[in-house]
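Chemist: this one's sequence-less:
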C-alpha cells in the first residue's frame with residue numbers, strides 16, 4: 001500500500017499538468033455545505049487523520065455564540081476544510097494567471113495544508129479561551145499553538161517534510177504583525193504569505209470562508225460570495241492584487257466582518273455566555289489543569305468543548321470539592337439560562353477613540369452610589385471593552401489593498417475610486433454585566449439598578465453627558481411576568497364587575513391599580529431606573 005510519504009516524494013518532481021492529473025486520482029473528496037465538494041490533497045491527508053485535526057470536530061466554530069444562534073452548530077473542522085479548499089484554489093489560480101511565477105507542486109500542497117491546520121491551536125469555545133481566561137490571557141495565542149502543533153505532528157507521525165517546508169507551512173499559518181518569520185522570504189514570494197493569513201491588508205481565504213459559513217449557518221440572511229475575488233486576482237510585484245471591478249466585493253468582505261462581529265460574534269448574550277464559560281473553566285482550572293495543558297502541545301489536544309461535561313461529571317463524583325462545585329453551579333445557571341445580566345452599554349464618542357483606555361470593574365466601582373442600600377462588590381460586575389474595526393484601525397481598509405485596472409497598473413484601492421468617504425471604520429462600546437447570582441427578581445432588579453447607576457456616572461465623567469445609553473429592560477422571564485401582570489390587571493376588573501352583578505353592589509374581594517407596571521416601571525421608553 002502506497003504511503004503519503006511516498007506520494008509526497010513523487011509529487012515534488014511533477015510539473016503542472018502531471019500534478020493536476022495526479023491530484024484527480026489521489027485526492028480525498030468531501031461534501032461541504034458551503035463549497036460543494038472539498039478536495040484534500042496528499043499532504044493534507046497526511047495531517048487530516050491525526051488527533052490534532054480530528055479534535056477540531058469537537059470545537060464549535062462560533063464558540064459561545066452558538067448558544068444564541070442554535071443553528072450555528074458547525075465546527076472548526078468544517079471551517080478548516082473550507083479554508084484549505086479556498087487556499088488551494090487561490091494559489092492555483094495565481095500560478096495560472098501569472099506565467100512568470102515558477103510552478104511548484106509543493107507550494108499548492110503546503111497552501112492547502114496551511115488552510116487545513118491554521119486553527120488547530122484554538123482552545124475550547126473559540127477566542128474566549130485566550131481572551132477571557134485569566135490564567136492565559138496575554139500569555140498565549142492560538143496562532144502560536146498552531147505553529148507548535150505543526151512541528152509536533154510532523155515528528156510524531158513521521159510526515160515526510162523537509163525542514164524548509166515545515167517552516168514554510170508555519171509561516172503561511174502565522175503571518176501576522178506579532179509573528180516572526182522562520183524563513184527568509186524574497187519580495188517575489190510574498191504572495192504565498194497573503195493567502196491564508198494576510199498581514200498586508202487582511203484580504204485572505206480565512207475571512208472568506210468564515211463569513212460565508214458563519215453567515216449561512218447562523219441564519220443571518222446573508223450569503224456572501226467571494227468567488228469573483230479569486231477569479232480576478234493576480235500577483236504583481238510579489239503581492240496579490242485584485243481587479244478594480246472587485247472593489248465592491250472587497251468592501252463587502254470588511255463590512256461583512258464588521259456586521260458579523262456586531263450581530264453574531266460579539267452579541268451581548270453571546271458575551272454573557274462566554275464569560276460564564278470562562279468563569280467555570282477558571283474555577284475548575286486547579287482541578288483539571290486546563291491552563292497548564294494550554295502550553296503543552298500533547299496535553300493541549302485533550303482540551304475541547306466537552307470540558308463542560310467533564311466538569312459536571314467530576315463535580316457530581318466529588319461533591320465536597322468546592323472549586324468543582326462552584327464551576328458546576330455556573331454551568332447549571334447556564335443550563336437554566338440564568339445568564340450574567342447585560343446591564344447596559346454606551347458607544348464611545350469618536351473624539352475619545354484616539355485616547356481610549358480599557359475600563360475595569362474597579363473603574364466602575366469607584367462611582368458606586370452608597371445611598372441605594374446595595375453594596376456592589378468588584379466580583380459582582382464585568383466590563384466588556386468591545387472593539388470592532390474594518391481591519392485597519394480607524395482608517396479605510398482599502399488604503400492597504402492593491403488593485404489593477406485595464407492598463408495593468410497597480411494602485412491602492414482607495415485611490416482607484418474605492419474610498420469610503422468619511423465613514424467611521426472603528427467602533428468601541430463599553431458594556432457592563434452583572435455577574436452576581438440573585439435568588440429573587442426584586443434583589444436582581446436592585447443590583448442591576450445599582451450597577452447601572454455607577455456605570456452611567458463613570459461614562460459621563462469620562463465622556464461627557466451627551467451619550468446614548470442602551471439599558472436592560474428585562475429578560476424573557478421578566479417579560480412573561482409583565483405580560484401576566486397586565487393580563488391580570490385587565491382580568492380583575494371584569495371579575496369584580498361580574499361579582500357586583502351577581503351579588504348586587506360593590507365587592508371588597510380585591511382592587512386594581514390604574515397604572516400598569518412593566519419591569520418595575522410604568523410602561524415607557526425610559527430607563528427602568530430613571531437614568532435617562
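Modeler: Now that the structure is in, tell me what you want to look at. As the structure is a prediction and not an experimental result, all values here were calculated from the model. Numbering: from 1, shown residues only.
Chemist: how long is stretch 184-199 end to end?
Modeler: Between the opening and closing residues of stretch 184-199 lies a distance of 16 Å (C-alpha to C-alpha, to the nearest Å).
Chemist: identify each buried residue in it, please.
Modeler: By neighbour count on 16 or more other C-beta atoms under 10 Å, the buried set for stretch 184-199 is 185, 189-199. Glycine gets a C-beta too; all of them are placed from N, C-alpha and C.
Chemist: tell me how many other residues crowd residue 133.
Modeler: Neighbourhood size, residue 133 [other C-beta atoms under 10 Å]: 22.
Chemist: ok, it - contacts?
Modeler: By C-beta atoms under 8 Å, 6 or more residues apart in numbering, the contact list for residue 133 reads 123, 278, 281-282, 290-291.
Chemist: spatially nearest residue to residue 69, not counting backbone neighbours?
Modeler: Take residue 69 and drop its neighbours on the chain: the residue closest to it by C-beta to C-beta, 6 or more residues apart in numbering is residue 218, 4.3 Å away.
Chemist: nearest residue to residue 187 other than its sequence neighbours?
Modeler: In space, residue 187 is closest to residue 238, 4.4 Å off (C-beta to C-beta, 6+ apart).
Chemist: what's around that neighbour, how many residues?
Modeler: Neighbourhood size, residue 238 [other C-beta under 10 Å]: 16.
Chemist: before we move on, what about the one 3 residues further on?
Modeler: By other C-beta under 10 Å, 24 other residues sit near residue 241.
Chemist: what's the spacing between the one residue sitting closest to the centre of the chain and residue 431?
Modeler: Nearest residue to the geometric centre of the chain (C-alpha atoms, centre = their mean): residue 265, 4.4 Å. Per C-beta to C-beta, to the nearest Å, residue 265 is found 14 Å from residue 431.
Chemist: hmm, residue 362 and residue 381 touching each other?
Modeler: No - the pair residue 381 / residue 362 is not scored as a contact, 9.8 Å apart, by C-beta atoms under 8 Å.
Chemist: of the two, who's got more company?
Modeler: Between residue 381 and residue 362, counting by other C-beta under 10 Å, residue 381 is the more crowded of the two (26 against 10).
Chemist: pLDDT score for the more buried one?
Modeler: In this model, residue 381 is scored at 97, pLDDT.
Chemist: show the contacting residues for it.
Modeler: Applying C-beta under 8 Å, 6+ apart, we find residue 381 in contact with 343, 361, 364-365, 432-436, 451.
Chemist: let's see that with 10 Å instead.
Modeler: Neighbouring residues of residue 381 by C-beta atoms under 10 Å, 6 or more residues apart in numbering: 340-341, 343, 360-362, 364-365, 368, 432-436, 447, 450-451, 454-455.
Chemist: swap in residue 438?
Modeler: Listed by C-beta under 10 Å, 6+ apart, the contact set of residue 438 reads 338, 341, 380, 444-448.
Chemist: strands of the protein, start to end?
Modeler: Along the chain, counting by DSSP state E, strands occupy 28-32, 36-40, 233-236, 239-243, 341-347, 381-389, 402-404, 410-412, 426-434, 469-471, 517-518, 521-522.
Chemist: among these, which comes closest to residue 59?
Modeler: Judged by C-beta to C-beta, the one of the strands of the chain that comes nearest to residue 59 is strand 28-32, at 17.4 Å.
Chemist: mind checking how far residue 435 is from residue 279?
Modeler: 8 Å.
Chemist: which neighbours do the two have in common?
Modeler: Common neighbours of residue 435 and residue 279 (criterion: C-beta under 10 Å, 6+ apart): 330, 340, 379, 382.
Chemist: and for the last one, the neighbour number?
Modeler: Burial of residue 382 is recorded as 22 neighbouring residues (other C-beta under 10 Å).
Chemist: what about it, distance to residue 282?
Modeler: 12 Å.
Chemist: hey, what's in contact with both of those two?
Modeler: Joint contacts of residue 382 and residue 282 (C-beta under 10 Å, 6+ apart) are residue 132.
Chemist: mind showing which ranges of this structure have poor pLDDT?
Modeler: Where the chain drops to pLDDT under 70, the residues are 1-2, 176-180, 221, 416-423, 475-482, 492, 494-532.
Chemist: show the contacting residues for residue 458.
Modeler: By C-beta under 10 Å, 6+ apart, residue 458 lies in contact with 346, 359, 363-368, 383, 430, 432.
Chemist: that older thread, would you list the buried entries among the contacts of residue 438?
Modeler: Buried members of these, scored by 16+ other C-beta under 10 Å, are 338, 341, 380, 444-448.
Chemist: sounds good, over and out.
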